[in-house]
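> give me coordinates for this.
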Amino acid sequence: MDLFKYYIEEGLQIELFLLSSIALFVFLTLVFLIALFLSRFMTNRRLKLEERFEPIVEELLFDVMFNDTPINELLNHRMYTRYHKKNIFMKMLIRSSFSMHQQFSGDIAERLKKFYQTSALKKYSIQKLNSNAWYKKCQGIRELSEMNQDDAVPDIVSLCFSKHQLVKQAAFVGIIKLKGIEGLKSLQKFTEFIDDWTLSHILMAIEETDSTNFTDLNFLLQHKNPSMVLLGLRLIRYFSLPGYQKAISNVQEPLSSDRIQQEIQKHLQLLETRIKE
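Residues are numbered from 1 along each chain as shown. Model prediction:
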């Protein structure tokens, strides 16, 4: 009898386990289907809005670039006032403005820049700098630097201290694009390590934007951060800059990292050899 009771209890437990498993499976299936439906719904909604806003963005930017209508007047146009608070509209408008500014120069580029400054686009880019998403921070830096917004440099400088490597890299490049090598003077208190990949991007940014304006690199050679010293050494070596022999020989390794000290010494030897040649 006890054995019979035992089997009944075991059967009930198995049945309960199976029912629970089936219920969990049905619940997870419903959650997946609802998530899939919402995802497709949001995607379709976004595509419809983009299709709706595309001709409006094109017409608005055409007026900005090729008509003599004052920018302030364009900002009061119903096409802008009606949609400028729509997130998708702003994304499309800033993306198109960014692209057009890269392709055009002269008066057209200046009108685009003024439109960017006067409209809500600049504020939209600055808000991205405070986002929790690293890619939005990078977008904001690229937009502000492309549009030559010098007053955004302090905000971008703060992102050089970011723990995310791509944000840090974008911040350094953004400072170079906005202020050239002189912009690095705002990082006198920067003590963090800069990896070789980021240093390479900084060199490329300098080559693209400021490769003829090497007024004084002593502030880099005298920096307390070995990474900044390395940047100065690599700039001198890469662009074959004369006149830094004494500063190079006086370089001090401010940190105790053996790897960084060895690399500094290697650069010193290479630079001194090249200068003697």
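> measure residue 218 to residue 241 for me?
Separation of residue 218 from residue 241 (Cβ to Cβ, to the nearest Å): 11 Å. (C-beta placed from N, C-alpha, C; glycine too.)
> where do the helices sit along the stretch 51-200 of the chain?
Using DSSP state H, counting those that start in this stretch, the helices of the stretch 51-200 of the chain run over 71-75, 78-83, 87-103, 106-118, 121-129, 134-146, 153-158, 165-179, 196-209.
> identify the residues contacting the last one?
What it means is helix 196-209. Outside of helix 196-209, the residues within contact range by Cβ atoms under 8 Å, 6 or more residues apart in numbering are 165, 168-169, 172-173, 176-177, 180-181, 194, 227, 230-231, 234-235, 238.
> for the fourth one, same thing?
Among residues not part of helix 106-118, those counted as contacts by Cβ under 8 Å, 6+ apart are 61, 64-66, 71-72, 74-75, 94, 97, 100-101, 104, 121-122, 147-149.
> now do 6 Å
The contact list for helix 106-118 (Cβ atoms under 6 Å, 6 or more residues apart in numbering) reads 64, 65, 71, 97, 100, 101, 122, 147.
> low pLDDT regions in this structure?
Residues of the chain that meet the criterion pLDDT under 70 lie in 1-15, 17, 210-215, 249, 252-264, 266-268, 271-277.
> now with 80?
Applying pLDDT under 80 to the chain picks out residues 1-20, 41-43, 45-46, 49-50, 77-79, 209-216, 237-277.
> closest to residue 265 out of the contacts of helix 196-209?
residue 230 (11.2 Å; Cβ to Cβ).
> now name the helix or strand holding the closest one.
Here residue 230 sits within helix 226-238, counting by DSSP states H and E.
> and that helix, what does it pack against?
When contacts are defined as 3 or more Cβ pairs under 6 Å, 6 or more residues apart in numbering; DSSP states H and E, helix 226-238 packs onto helix 218-221, helix 258-276.
> and the next helix or strand past it?
Downstream of helix 226-238 (by DSSP H and E), the next one is helix 245-249.
> re the thing from before, how far does the helix holding residue 230 sit from its chain's centre?
On the basis of Cα atoms, centre = their mean, to the nearest Å, helix 226-238 is displaced by 23 Å from the centre of the chain it belongs to.
> and that helix, what's buried?
By neighbour count with 16 or more other Cβ atoms under 10 Å, helix 226-238 contains the buried residues 226, 227, 228, 229, 230, 231, 232, 233, 234, 235, 236, 237.
> can you check what angle separates that helix from helix 165-179?
50 degrees (axes from the mean of the first three to the mean of the last three Cα atoms, to 10 degrees).
> quick one on the thing from earlier: turn the helices of the stretch 51-200 of the chain into TSV, including mean neighbour count and distance to residue 20.
Compiled in TSV, the helices of the stretch 51-200 of the chain are given as follows (neighbours: other Cβ atoms under 10 Å; distance: least, Cβ to Cβ, whole Å):
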stretch	mean neighbour count	distance to residue 20
helix 71-75	14	60
helix 78-83	14	50
helix 87-103	17	42
helix 106-118	17	58
helix 121-129	18	46
helix 134-146	21	41
helix 153-158	17	52
helix 165-179	22	45
helix 196-209	16	51
